[in-house]
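Peer 1: Sequence plus the predicted model coming up.
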Amino acid sequence: MTTDETTTFADLGLRDELLEALAGLGYEEPTPIQREAIPRLLEGRDLLGQAATGTGKTAAFALPILQRLPSSGRGTEPVAMILVPTRELCMQVSQALHRYGRALGARVLPIYGGQPIGRQLRELQRGVDVVVATPGRALDHLGRGTLTLDSVELVVLDEADEMLDMGFAEELEGILAAAPETRQTVLFSATMPARINAIARRHLRDPVRIQIEREVPGSGESPLVRQTAYVVARAHKPAALGRILDVEAPAAAIVFCRTRDQVDELTETLNGRGYRAEALHGGMSQEQRDRVMGRLRSGTAELLVATDVAARGLDIEQLTHVVNYEVPSAAESYVHRIGRVGRAGREGAAITLAEPREHRMLKTIERVTKHRITVEKVPTTADLRARRLELTRAALHESLLEDELEQFRVVVETLTDEFDVMQVALAAVKLAHESSGPGADDEEEIPESAPLPAQQDRGPRAGGAGPAGKRSRVPAGGMTRIFVAAGRSAGIRPQDLVGAIAGETRLSGRDIGAIEITDRFSLVEVPEDAAKEVVAALRATRIKGKKVQVRLDRDGKP
């Protein structure tokens, strides 16, 4: 192979049909993960790869899969299976395989929840080459006998850490157990916790290990991502966000929220402020999600308000800003979110709205990312007026350079018979300014919020419920507590509760808040809009092999 600087896709040994497809799509040379992974996968090696979204890892495993498809005489059973955490990523990977493998006639079937199972059954009966699936729906088909893995030669686990966070550990084990032992296995993960390494030891044979170092967005001498935070009380967050967006004027932005209800409420608030905002969350059908993404990519919408899981796997080229409506509970989540901007040399901005009690979490993120997050003051009404005047000036400047203005000369000449030309210009600017949008005069000042001292900023620790077994804190805003009648004496651990909730509901591990475990019972914070769903799901399942009483917490009394 040639050196990294001159490596092409042809150097990797790919078949002509794939090279033509890549050329047609405008791909000129492989990314680092593709240079490292594709030759090893073509050799038949198992692979353990650490790479984040946006590094080109989809093509790194998709092209070797398509390479092995025979030109004719294909059977009805799939030769490859790709497991992904969400239906959005499922669709994205399927579409990529279709684009790369069109000349080969590749039969690719996405399988995910929320899609009519009848269509999936018909396509499986006709015959498919590659199945791209979420773990739950894949296991469902295996249980029905409508999907068999006897002919599968390659299994890919994409974003394996996210699948484990969502509680799919047992499903992954079941699916891998159903695949032939002689298969080739590929595992990609953005992070490498102990659980990922444990899966690799059990299911991968002498794997090649590839690590593409994640460039922490905003790090280095010339940061592409400007990272800022605003400390603001919860009650003033909607107004503060609107004001920050007015000043920033993003071309396109994603605003991340914790719950579905928060997404819907904030979308309505932003639309009321004059923005073209769209909501994206797990309560929407696939058709609705596709329409939303189409409007964002076409420029019809400028803001996407979304939950983490709903936005998983999305790559929006025109994105300029990422906004965390709350501080993410995990530094990895923060890095993943802001990594959506600043790609391919484009500049971007990451903005976080932090409540006073969340200031310590910002410090944790700074330590992990090794980059300072600048804390700024929320724009005042004076800042807003100055910004809007600047926008008016810019619009007038553009008009003077580009527009045909002669037709208005008679108006100016008539007025200058009576008024000074400067007065005429001032009146025209005033009208232009007022027509551009609402002014800042009616807005109230947002009070400054100082971070709480460190000793006031401590949440509960899993495994304890404070002195004398009492609840140590009230739930965070937008969250409520679930009472589970099992605790340490029953062997309950935080991961047992997270796994049960993530495995049986639409929530991921990142949606779950503080967990307190005492000897006799446990308390788990979950988003308010999902509380009833969580209670119903936990009542219908077993925790540590036992049925337990589960209900909403009643004012701190079990």
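Peer 2: Looks like it arrived, so ask away.
Peer 1: need the longest helix for the chain.
Peer 2: helix 381-402 (DSSP state H).
Peer 1: Name the next helix or strand downstream of that one, please.
Peer 2: helix 409-416 (DSSP states H and E).
Peer 1: Give me the residues contacting that next one.
Peer 2: Helix 409-416 is contacted by residues 421, 424 when judged by C-beta atoms under 8 Å, 6 or more residues apart in numbering. In this view, the C-beta of every residue, glycine as well, is placed from N, C-alpha and C.
Peer 1: I'd like the average pLDDT over that helix.
Peer 2: The pLDDT scores in helix 409-416 average 85.
Peer 1: and the helix or strand that that helix is followed by, what other elements does it pack with?
Peer 2: Where DSSP H and E defines the elements, the next helix or strand beyond helix 409-416 is helix 421-435. When contacts are defined as 3 or more C-beta pairs under 8 Å, 6 or more residues apart in numbering; DSSP states H and E, helix 421-435 sits against helix 381-402, helix 409-416.
Peer 1: Give the buried residues for the helix or strand of the chain with the lowest mean pLDDT.
Peer 2: Least confident helix or strand, the chain: helix 381-402 with a mean of 75, by mean pLDDT, DSSP states H and E. For helix 381-402, burial by neighbour count (16 or more other C-beta atoms under 10 Å) applies to 381, 384, 385, 387, 388, 392, 396.
Peer 1: Which secondary structure elements does the longest helix of the chain sit against?
Peer 2: Against helix 381-402 (3+ C-beta pairs under 8 Å, 6+ apart) you get helix 237-248, helix 421-435.
Peer 1: ok now the least confident helix or strand of the chain, how far from the chain's centre?
Peer 2: Relative to its parent chain, helix 381-402 has a centroid offset of 34 Å by C-alpha atoms, centre = their mean, to the nearest Å.
Peer 1: ok, now stretch 135-143?
Peer 2: 24 Å.
Peer 1: Next: stretch 506-525.
Peer 2: Offset of stretch 506-525 from its chain centre (C-alpha atoms, centre = their mean): 22 Å.
Peer 1: mind listing what's buried in it?
Peer 2: Using 16+ other C-beta under 10 Å as the test for burial, stretch 506-525 gives 506-518, 521-525.
Peer 1: Which among the helices and strands packed on helix 421-435 is found nearest to residue 275?
Peer 2: Closest to residue 275 of the helices and strands packed on helix 421-435 is helix 381-402 (C-beta to C-beta; 14.6 Å).
Peer 1: re earlier: I'd like the buried residues of helix 381-402 laid out as CSV, including distance to residue 205.
Peer 2: Below are those laid out as CSV (distance: C-beta to C-beta, whole Å):
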residue, distance to residue 205
381, 65
384, 61
385, 66
387, 59
388, 63
392, 66
396, 68
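Peer 1: Closest one to residue 155 out of those, please.
Peer 2: Nearest to residue 155 among these: residue 387, at 52.8 Å, using C-beta to C-beta.
Peer 1: what does stretch 277-289 contact?
Peer 2: So stretch 277-289 is contacted by 87-88, 91, 114-115, 255, 260, 263-264, 266-267, 270-271, 292-293, 295-296, 301-307, 309-311, 506 (C-beta under 8 Å, 6+ apart).
Peer 1: Buried ones among these?
Peer 2: The buried subset of the contacts of stretch 277-289 (16+ other C-beta under 10 Å) comprises 87-88, 91, 115, 255, 260, 263-264, 266-267, 270-271, 292-293, 296, 301-307, 309-311, 506.
Peer 1: Helices - which of those residues land there?
Peer 2: Judged by DSSP H, the buried ones among the contacts of stretch 277-289 include 87-88, 91, 260, 263-264, 266-267, 270-271, 292-293, 296 as members of helices.
Peer 1: what's the lowest-pLDDT member of the residues you listed?
Peer 2: Lowest pLDDT among those: residue 88, 75.
Peer 1: State the distance from it to residue 503.
Peer 2: According to C-beta to C-beta, to the nearest Å, residue 88 and residue 503 sit 19 Å apart.
Peer 1: Next: residue 247.
Peer 2: Look at residue 247 and residue 503: by C-beta to C-beta, they are 43 Å apart.
Peer 1: what about those two, which has more around it?
Peer 2: residue 503 (18 against 15; other C-beta atoms under 10 Å).
Peer 1: which SS state does the closest residue to that one other than its chain neighbours fall under?
Peer 2: Among residues not flanking residue 503 along the chain, residue 167 sits closest, at 3.4 Å (C-beta to C-beta, 6 or more residues apart in numbering). For residue 167, the assignment made with DSSP: H, G, I helix; E, B strand; the rest coil gives coil.
Peer 1: Verify the contact between residue 167 and residue 502 for me.
Peer 2: Yes: contact criterion C-beta atoms under 8 Å: residue 167 and residue 502 qualify, at 3.0 Å.
Peer 1: Need phi/psi at the residue nearest to residue 503.
Peer 2: phi 90, psi 20 (degrees, to the nearest 10).
Peer 1: Give me the local confidence score for it.
Peer 2: pLDDT, residue 167: 80.
Peer 1: Now do the contacts for it.
Peer 2: Residues counted as contacts of residue 167 (C-beta under 8 Å, 6+ apart) are 498, 499, 500, 501, 502, 503, 504, 508, 509.
Peer 1: repeat that for 6 Å
Peer 2: 499, 502, 503 (C-beta atoms under 6 Å, 6 or more residues apart in numbering).
Peer 1: Look up how far residue 530 lies from the second one.
Peer 2: Read it as residue 502. 11 Å.
Peer 1: Which stretches in the stretch 451-558 of the chain count as helices?
Peer 2: For the stretch 451-558 of the chain, the helices defined by DSSP state H, counting those that start in this stretch occupy 494-504, 531-539.
Peer 1: got the buried residues for stretch 233-243?
Peer 2: 236, 237, 238, 239, 240, 241, 242, 243.
Peer 1: Let's test this: mean pLDDT of it, rounded?
Peer 2: Averaging pLDDT along stretch 233-243 gives 87.
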